[in-house]
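A.B. asks: task: produce atomic coordinates for the following.
(2 chains)
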Amino acid sequence: MQSTRQGWLWNSMRDMLPAILAPFAGIAAALAIIVLILEWQGADPKVAWDYVYEGTLQTSERRADLVSFWMPLAITSFGLVLTYTAGLWNIGVEGQMIMGAIGATWAVRLFAESKNAPLGLDLGRNGVIIMCFILSAITGGLWAWVAAALKVRGKVNEIFGGVALNFIAQTFNMYLVSNGGPWQPTGSRATETARFPDWVRLPTFTDYRRLSPTIIYVTAAAFVVICLIMYVSRWGLQLRAMGKNQRSAFLLGVRTERNVYLAMAGCGALAGLAGSFRVLAPDVVKLSASPSGGVGFLAILVVLLASMSAVLTPFVSFVFAVLSKGGQRLESGFQWDYDLTLDRSLVRVLQSTVVLMVVLAFGARNRFFPPRSAQPVQDEAQIDRT
Amino acid sequence: MFSGLESTLRGIIRSAAPIVIAGQGELITERAGVINLALDGTIMLSAMTAHVVARETGSLPQAILAAMLVGAAVVFVVVVSSIGLRLNQVAVGFVLTVLCADLAIFLGKPHFNRPGTEIPTMPIPLLEDIPFFGPVLFRHNLLIYFSLILTLLVWFYIYRTRPGLTLRSIGEQPEAAFVRGTPVNPLRYAYALLGGALVGLAGATYSLSVKLGWKEDLSGEGWIALAIVIFGLWVPSRVALGAYLIVGLRSIAIDLQDSDVIDLPAQIVNMLPWFLMILTLLFATSGALEKVVRFTPDRFKPAVRRFLRAAPPRALGTTFEKH
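C.D. replies: All right, here's what the predicted structure looks like:
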């Protein structure tokens, strides 16, 4: 009895240890690479971290700016958890975010800026903001629906469809706001729309004029919904089954095609909401040439690093937000204090290196220390042979 | 008018060269069953490398070699992680494309917008004097000539040689190839590295010839090359055709905008490659091809069928394990 208990402990340790160590090994390797790059450039890694900290976490105003960057990233990552769990590579998330930004701007133009709103509706401030959220979720969701339809109906892989739809959304956005496009104010040379009217702006905290509580509530609600879907609902289980093996899931009665549409559209809707956060942010309030700013691709990295776990995404996206926002201070700090040119793209190098190293570490773990459950059982193999 | 057409065509052949080279490289990689999604970042990183090496050493061969090594190194990570570690090629490729693009921007910052070294033009004697074709085809530099003959080389290798048949087999039916004694995984390594080196060469073609110097606006070209491989349905001739078609449309759009003849937003033309790609994929997978074949006269059926036949390599993106 004693020995089997010890065996159980040993076996589970043998499974657990590599699984726990793998991400740390990956993160350590990535940090080592970045420290080497910093030393090679003549920058002190400690000072670099101090700048990142100073630029994001030190004062409450910086923290407010950080949160306002974190929320769109987090809500996009929640959406991606749905598609990636189902084994769908929604690379089109960037385009879905842009379409969401366009949808929100469209709502402002329809209900706040035009003299005759549809159906003569006079929605007032809250009504217009709610319309912004609804329209952005619809446009983002529809854009994802197109990718899903291409996959289900046309058998076009969602990666290739997504890349194409990204570029189409991006060029459509450019068309709207540049070179006398329909949404560029007449006489303006800047590639952006006019600032939205003052009375439709999101409510802000009294102390932090650049952060809106509304986006925090919406993101928190999205987090609860995604957690319920992933950990409580039957549908989450179905998505997981599809991710493991779509064909088996289909044979077991999962309506895989319907789920592809739903997961993609759900993710697109959340990405669209993130797009509306980006244009409605109190210090932006206009549609610019690049409303997504790469946040969609960053969210893909977040989900890959969090291994598609819904509870981990808020933390991982927070760390990535700190790095992204800290990059600006890192660049200017070294420029002013040390007269050293260190481009802020370094933090993005760090982000993707961490993801690459952790993914590789998990690969190494599965290859060289496979979990017991994944190994063939010794006895059965012997029975087969005899 | 005549010289205008000449210079337009010459320009198209020049600016399509990197896309052709990268497209054929990716085609070889994908025909062997490996997806290299890191194309876009690889092109940026290798273009930056070629520019910096050329500036620092003054040696063009070294610059080109360095760019090709970068391309091969990136794809090496993709293959090691997919064949060696059984990871998802798409995931690793995506992370690498982001990583390489940012690395190129970071490392290239000190060399940004500095004058670049250009590969000298080498007109081919006698041929360059042919009216019209001379200036269009035979007054370029070595890399552009290479892009012109590469399509032919790849086509000949894949469809007319025995190793080419093996290449196709490891991308279509690796199990069958393995049973016949083909070393599937070593060959996949080899062809992926070859394709990656070609992608690196495409990057060098940008910074040493087409868009002289290192600028960050290269982003997007790799995705276009990837789209063209799919648009060309994994056939060398159609990949080249797609590259020339899309670059041609782009340059015509720029000319039209300058001339103010029609008020056509450039964005519409920029969207075109992507619409074409989606439509082609839909067309190829929806069974519409069979209908086209049915309505052609019997005499032309085999030829039309051969031209339209299209399917991605069946084992694309999968890993092969011997049992």
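A.B. asks: how about stretch B:162-170: buried residues?
C.D. replies: Of the residues in stretch B:162-170, B:164, B:166-170 count as buried by neighbour count, 16 or more other CB atoms under 10 Å in any protein chain shown. No exception for glycine: its C-beta is placed from N, CA and C like everyone else's.
A.B. asks: identify all contacting residues around that stretch.
C.D. replies: Residues outside stretch B:162-170 that contact it (CB atoms under 8 Å, 6 or more residues apart in numbering or on different chains) are B:28, B:31-33, B:156-158, B:176-177, B:180, B:182, B:184, B:187-188, B:191, B:313, B:315, B:320.
A.B. asks: wait, A:I98 touches A:S292, no?
C.D. replies: Yes: taking contacts as CB atoms under 8 Å, A:I98 lies within contact range of A:S292: 5.2 Å.
A.B. asks: mind giving me the PyMOL command for buried ones among the contacts of stretch B:162-170?
C.D. replies: The PyMOL command for the buried members of the contacts of stretch B:162-170 (criterion: 16+ other CB under 10 Å) is given here:
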select buried, chain B and resi 28+31+32+33+158+177+182+184+187+188+191+313+315
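A.B. asks: mind checking which of the contacts of stretch B:162-170 are in helices?
C.D. replies: Among these, the members found in helices (DSSP state H) are B:28, B:31, B:156-158, B:176-177, B:184, B:187-188, B:191.
A.B. asks: thinking again about what came up before, hey, what's in contact with both of A:I98 and A:S292?
C.D. replies: Taking CB under 8 Å, 6+ apart as the criterion, A:I98 and A:S292 both touch A:G275.
A.B. asks: what ranges in the stretch 101-250 of chain A fall below the confidence cut-off?
C.D. replies: Across the stretch 101-250 of chain A, the ranges flagged by pLDDT under 70 are A:116-117, A:119-120.
A.B. asks: quick one: low-confidence ranges for the stretch 251-386 of chain A?
C.D. replies: By pLDDT under 70, the weakly predicted segments of the stretch 251-386 of chain A are A:372-386.
A.B. asks: 90 - rerun?
C.D. replies: Scanning the stretch 251-386 of chain A for pLDDT under 90 picks out the ranges A:253-254, A:282-285, A:289-294, A:306-309, A:327-333, A:335-345, A:362-386.
A.B. asks: tell me the residues of it that contact chain B?
C.D. replies: A:297, A:300-301, A:304, A:341, A:343, A:345-346, A:348-349, A:352-353, A:355-356, A:359-360, A:362-364, A:366-367 (CB under 8 Å from any CB of the partner chain).
A.B. asks: number of nearby residues for the residue of chain B found nearest chain A?
C.D. replies: Distances between chain B and chain A by CB to the nearest CB are smallest at B:L85, namely 3.2 Å. For B:L85, the neighbour count with other CB atoms under 10 Å in any protein chain shown is 19.
A.B. asks: not counting its neighbours along the chain, what's nearest it?
C.D. replies: Take B:L85 and drop its neighbours on the chain: the residue closest to it by CB to CB, 6 or more residues apart in numbering or on different chains is A:G363, 3.2 Å away.
A.B. asks: where's that neighbour, which helix or strand?
C.D. replies: Assigned by DSSP states H and E, A:G363 belongs to helix A:345-368.
A.B. asks: buried ones in that helix, by neighbour count?
C.D. replies: Residues of helix A:345-368 classed as buried: A:345-366 (neighbour count, 16+ other CB under 10 Å).
A.B. asks: now do the SS call for the closest residue to A:S212 other than its chain neighbours.
C.D. replies: Leaving aside its chain neighbours, A:S212 sits nearest to A:L202 (3.9 Å; criterion: CB to CB, 6+ apart). Under DSSP: H, G, I helix; E, B strand; the rest coil, A:L202 falls in the coil class.
A.B. asks: report the contact partners of A:L202.
C.D. replies: Neighbouring residues of A:L202 by CB under 8 Å, 6+ apart: A:129, A:212, A:214-215, A:280-282.
A.B. asks: what's the spacing between it and chain B?
C.D. replies: A:L202 sits at a distance of 30 Å from chain B (criterion: CB to the nearest CB, to the nearest Å).
A.B. asks: just A:V156 next, same as before
C.D. replies: For A:V156, the distance to chain B - CB to the nearest CB - is 4 Å.
A.B. asks: residue contacts, the closest residue to chain B within chain A?
C.D. replies: Using CB to the nearest CB, A:G363 is the residue of chain A that sits closest to chain B, at 3.2 Å. Counting by CB under 8 Å, 6+ apart, A:G363 touches B:81, B:85-87.
A.B. asks: how about B:E221?
C.D. replies: Neighbours of B:E221 in contact, by CB under 8 Å, 6+ apart: B:18-19, B:22, B:40, B:43, B:206.
A.B. asks: now those in CSV, with distance to B:A66?
C.D. replies: Formatted as CSV, the contacts of B:E221 follow (distance: CB to CB, whole Å):
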residue, distance to B:A66
B:P18, 16
B:I19, 21
B:A22, 17
B:D40, 19
B:I43, 14
B:Y206, 14
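A.B. asks: for A:A147, state which of those is nearest.
C.D. replies: Set against A:A147, the nearest of these by CB to CB is B:D40 (18.9 Å).
A.B. asks: how about the nearest residue to the closest one, chain neighbours excluded?
C.D. replies: The shortest distance from B:D40 to any non-neighbouring residue, by CB to CB, 6+ apart, is to B:G222 (2.9 Å).
A.B. asks: surely the one you found and B:S46 touch.
C.D. replies: No: between B:G222 and B:S46 there is no contact under CB under 8 Å: 10.2 Å.
A.B. asks: overlap in contacts, the two.
C.D. replies: With contacts defined as CB under 8 Å, 6+ apart, the residues adjacent to both B:G222 and B:S46 are B:V199.
A.B. asks: which one's more surrounded, those two?
C.D. replies: Applying other CB under 10 Å to B:G222 and B:S46 shows that B:S46 carries more neighbours, namely 35 against 28.
A.B. asks: pLDDT at that one, what is it?
C.D. replies: Looking at B:S46, its pLDDT reads 96.
A.B. asks: so who does it touch?
C.D. replies: B:S46 sits next to B:67-68, B:70-71, B:199-204 when contact means CB under 8 Å, 6+ apart.
A.B. asks: for those, which two are the farthest from each other?
C.D. replies: Maximum pairwise distance among the contacts of B:S46 (CB to CB): 11.4 Å, between B:V70 and B:A202.
A.B. asks: higher neighbour count, the two?
C.D. replies: Counted by other CB under 10 Å, B:V70 and B:A202 do not tie: B:A202 has more neighbours, with 33 against 28.
A.B. asks: tally up the residues packed near A:A43, please.
C.D. replies: 20.
A.B. asks: what's the answer for A:P118, then?
C.D. replies: Look at A:P118: counted by other CB under 10 Å, it has 8 neighbours.
A.B. asks: list the contacts of it.
C.D. replies: Residues in contact with A:P118, defined by CB under 8 Å, 6+ apart, are A:110-111.
A.B. asks: tell me how far A:F167 lies from B:S237.
C.D. replies: Using CB to CB, to the nearest Å, one gets 25 Å for the distance from A:F167 to B:S237.
A.B. asks: A:W235 too?
C.D. replies: 46 Å.
A.B. asks: higher neighbour count, the two?
C.D. replies: Between A:W235 and B:S237, counting by other CB under 10 Å, A:W235 is the more crowded of the two (17 against 14).
A.B. asks: my guess is the more buried one contacts A:L228, does it?
C.D. replies: No: here A:W235 lies out of contact with A:L228, judged by CB under 8 Å, at a distance of 9.8 Å.
A.B. asks: next, give phi and psi for the nearest residue in space to A:E113 that is not next to it in sequence.
C.D. replies: Excluding its sequence neighbours, the residue lying closest to A:E113 (CB to CB, 6+ apart) is A:P197, at 6.4 Å. Per-residue torsions, A:P197: phi -60, psi 150 (degrees, to the nearest 10).
A.B. asks: what's near enough to touch A:P197?
C.D. replies: A:108, A:112-113 are the contacts of A:P197 under CB under 8 Å, 6+ apart.
A.B. asks: got a quick ChimeraX command for the buried subset of the residues you listed?
C.D. replies: With 16+ other CB under 10 Å as the burial test, the buried ones among the contacts of A:P197 are selected in ChimeraX as follows:
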select /A:108,112
